[in-house]
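A.B. asks: Pasting a predicted model and its sequence here:
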Amino acid sequence: MPRDRVALRANSLYAPTLKEVPAEAEIASHRLMLRAGLIRKAAAGIYSFLPLGYRSVRKVEQIVREEMDTIGSQELLLPIVQPAELWHESGRWTEYGPELARLTDRAGRDFCLGPTHEEIITALVRNEVRSYRELPLSLYQMNMKFRDEIRPRFGLLRGREFIMKDAYSFHATQESLQEHYDEQAGAYGRICDRLGLIWRPVAAESGQIGGSVTTEFMALADSGEAELVYCACGWAANVDAAEAVVPRSPAVTEPRDLEKVPTPGLRTIAELAAAFDISEHDTVKTMAGKTPDGRLVFFCVPGDRELNPVKAGWAVPGVELLDEEEFAAYAIPKGSLGPVHPPEGTFVVADRSLEVEVAWVTGANEEDFHYLGAMPGRDFQVDQWTDLVVARPGDDCPECGGTLEGARGIEVSQVFQLGTKYSQAMGATFTAEDGSEKPFVMGCYGVGITRSLAAVIEQHHDEHGIVWPMSVAPLHVAVIPLSVGDDVVYPVAEQLWSTLAGRGVETVIDDRDERAGVKFADNELIGYPIQVVVGKKGVAGGIVEIKNRSTGERTEVAIDEAADVVTAIVEAALAP
Ligand code: ATP
Ligand code: MG
């Protein structure tokens, strides 16, 4: 185990712990990183990493680095400050919005702080790589990113400045991209495992970056911002993108005649269902939108379901839901919309679960009137049947038909197939085997280094503090002499500390002249995986106590054997 000798003294260690829980910290990882003296806030979403915090950051980076090197990706370093011209070329200077932090140099030239690096790397490679013979090529960096997030919160989970490992790959063919994409996804799974995370890969929506094939790696945690649905068969997806298979269980199963009824004052689905003594599931909820050229669009979903705006956009590119004033402009009643007799020219999109031949209750497009018994095909026409709703637990699994469960997750990493989106826009081409000029087929792959670290703490803590997995603990062992002034106890502790450090076990000695209670509390809070307590009584009997932070187990071992026992525990935990 050729590792650096790390022997630190708590007395001089810059790890200022806090007894009080900082008010702004809402979740465990944020609270604990502040309290354990790992990070300090400089501004909203911007943090300094203190020595122990930065040690853990570097360990996450090293794990990621090893996994990237294993799949043949090469490390480089790209600039954080990027010229606007490249972002104009890709079109993202305008597309990206206020999250992109822009600045101007003294000569009046525009720049931005890199939130991601597709532009800069595409520009780099297009000037250097000319032939299919130089492909595939995969490059990565560990670097600071800046995104002027609208709501930075939860400490490192959603910062404005954060560390990301981002990799980009360049290929001659889709097959070659697929191969490397699979390698990256494999590496991402191993990274999550080595970080000690409980995680799931989920099908995802590609958001701002573009492209279509993408997978997110989610660390499961109640504090996570992402909502997932998953099935025992292994299928899992972010609800933003999950295909929804709505169980079809209408209460009304017999066809009946279409009937228009007055419904004064009934505006919500709940009021409607209560008035007719039916379930919300038997009503049709209709939302109005408009296409970029102003055509009215109706989106119809079962009354108990939510329209997924992402899917609405897939069905009708560029669609925007109407705001209050626009209802008046289109002369339609917000509370009584429906697919039966919509205004002339309306494009009707309906969730495919409504296609069953039952009697739906739906708005009549006339203030204070609804239809009962509306049947698709007979009473209303649909221009596009599709999947429109937000998936939720209890839905059928699209893969195996089983029942979905729900969970929350922290997106720690994501892989994308970009295709030729950037290479085409930016004129990055190579000469193919047949002599033709072709745009690179690209992929990009991001791991949130600092977010991953916070996710580890979300999953590994208790009421006393952090419970680090050995792989990313700032240090492996704390040796805690209970009486620093004692000339029998202290030398035993110091000997053990230097022996461990000499063997490459990262060890701190708590040489502070503090009460035992203070020392225990701080070491539990910081969460060193192994604590060796050296006390007067034990030493007199020739023993020290080894405490395992994660199991709480305490074992007494002979002083002479302590270094071997501790080394073995650390080695076993770090073994691949
Ligand atoms: P989110 O949806 O959470 O805003 P994203 O999908 O925009 O994230 P990507 O562009 O996929 O993020 O970036 C790759 C990785 O960088 C993410 O998986 C995440 O781990 C990390 N990351 C993104 N935004 C932040 C942030 N504001 N703070 C910390 N890490 C972040
Ligand atoms: Mg993402």
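C.D. replies: The structure has been received and is ready for your questions. Ligands and ions are numbered 1, 2, ... in the order given.

A.B. asks: May I have the beta-bridge partners of the residue in the stretch 401-550 of the chain that ligand 1 sits nearest to?
C.D. replies: The nearest approach of the stretch 401-550 of the chain to ligand 1 comes at residue 448, 2.1 Å away (C-beta to the nearest ligand atom). C-betas here are computed from N, CA, C, even on glycine. For residue 448, the beta-bridge partners under DSSP bridges are residue 164.

A.B. asks: Could I get the contacting residues of it?
C.D. replies: With contact taken as C-beta atoms under 8 Å, 6 or more residues apart in numbering, residue 448 is in contact with 162, 163, 164, 411, 412, 413.

A.B. asks: now do 7 Å
C.D. replies: 162, 164, 412, 413 (C-beta atoms under 7 Å, 6 or more residues apart in numbering).

A.B. asks: what sits against the second one?
C.D. replies: In this structure, residue 164 makes contact with 143, 145, 446, 447, 448, 449, judged by C-beta under 7 Å, 6+ apart.

A.B. asks: C-alpha coordinates for the helix or strand harbouring residue 458, CSV please?
C.D. replies: For residue 458, the element it lies in under DSSP states H and E is helix 449-459. Provided in CSV are the C-alpha atoms of helix 449-459 (Å, rounded to 0.1, in the frame of the first residue of the first chain):
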residue,chain,number,x,y,z
ILE,A,449,-17.6,15.8,-7.4
THR,A,450,-18.8,18.1,-4.6
ARG,A,451,-22.4,17.0,-4.9
SER,A,452,-21.4,13.4,-4.7
LEU,A,453,-19.5,14.1,-1.5
ALA,A,454,-22.6,15.7,0.0
ALA,A,455,-24.7,12.7,-1.2
VAL,A,456,-22.3,10.4,0.7
ILE,A,457,-23.0,12.3,3.9
GLU,A,458,-26.7,12.3,3.3
GLN,A,459,-26.6,8.5,3.2
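
A.B. asks: What lies in contact with that helix?
C.D. replies: Helix 449-459 is contacted from outside by 27-29, 32-33, 56-57, 60-61, 64, 142, 155-157, 159, 162-165, 195-198, 219, 221, 223, 410, 412, 466, 469, 472, using C-beta under 7 Å, 6+ apart.

A.B. asks: Show the subsequent helix or strand relative to it.
C.D. replies: strand 461-462.

A.B. asks: So for that following strand, mean pLDDT?
C.D. replies: Summarised as a single mean, pLDDT over strand 461-462 is 98.

A.B. asks: Equivalent analysis for stretch 12-27, please.
C.D. replies: 90.

A.B. asks: Would you indicate which residues of it are buried?
C.D. replies: Judged by neighbour count using 16 or more other C-beta atoms under 10 Å, the buried positions of stretch 12-27 are 13, 15, 17, 25, 27.

A.B. asks: Can you lay out those as JSON lines showing distance to residue 288 and secondary structure?
C.D. replies: Output for these, formatted as JSON lines (distance: C-beta to C-beta, whole Å; DSSP: H, G, I helix; E, B strand; the rest coil):
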{"residue": "13", "distance to residue 288": "62", "secondary structure": "coil"}
{"residue": "15", "distance to residue 288": "57", "secondary structure": "coil"}
{"residue": "17", "distance to residue 288": "56", "secondary structure": "coil"}
{"residue": "25", "distance to residue 288": "42", "secondary structure": "coil"}
{"residue": "27", "distance to residue 288": "38", "secondary structure": "coil"}
